[in-house]
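Undergrad: What follows is a protein structure lacking sequence information:
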């Protein structure tokens with residue numbers, strides 16, 4: 001039993017690294033595929049389910065966006081801007097009033 005504990009820990013760490021690598025690739029794909037047409041503020045203000053993000057990516061693909069790593073982009077968007085994540089704070093002007 002004790003032999004399996006280090007192996008299980010190593011496997012968990014390897015799985016976390018793989019997930020982080022996927023998220024990193026997704027962030028790069030966001031820069032390559034999304035940012036040429038959209039601000040990060042627009043993208044990051046969304047809170048969508050997996051089906052919602054999938055639909056958005058399909059829509060953008062229909063308008064000509066090409067993806068090198070669509071799966072990684074979907075995982076990145078879902079992990080950071082899924083419908084279970086809190087909404088971002090509203091943008092503030094320099095005097096502290098909410099921008100309209």
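TA: Received, thanks. Being a predicted model, the structure only gives us computed values, none of them experimental.
Undergrad: Just confirm residue 87 is within a helix.
TA: No - Residue 87 sits outside any helix when classified using DSSP: H, G, I helix; E, B strand; the rest coil, being coil.
Undergrad: shaky segments in the protein?
TA: Counting by pLDDT under 70, the ranges of the chain that qualify are 1-18, 93, 96-100.
Undergrad: where do the helices sit along it?
TA: Taking DSSP state H as the test, the helices found in the chain are 4-29, 40-44, 50-62, 70-81.
Undergrad: what's the closest of those to residue 88?
TA: Counting by C-beta to C-beta, residue 88 lies closest to helix 40-44 out of the helices of the chain; the figure is 6.4 Å. C-beta coordinates here come from the backbone N, C-alpha and C atoms, glycine included.
Undergrad: on contacts alone, who are the packing partners of the closest one?
TA: helix 70-81 (3 or more C-beta pairs under 8 Å, 6 or more residues apart in numbering; DSSP states H and E).
Undergrad: Could you double-check that residue 56 lies in contact with residue 48?
TA: Yes - counting by C-beta atoms under 8 Å, residue 56 does reach residue 48; the two are 6.7 Å apart.
Undergrad: from the helices of the chain, which stretch is densest packed?
TA: Comparing the helices of the chain by mean neighbour count (mean count of other C-beta atoms under 10 Å), helix 70-81 ranks first with a mean of 19.
Undergrad: any idea of the angle that helix forms with helix 50-62?
TA: Between helix 70-81 and helix 50-62, the angle comes out at 130 degrees (axes from the mean of the first three to the mean of the last three C-alpha atoms, to 10 degrees).
Undergrad: what's the closest of the helices of the chain to residue 92?
TA: Using C-beta to C-beta, the helices of the chain put helix 40-44 closest to residue 92, at 13.0 Å.
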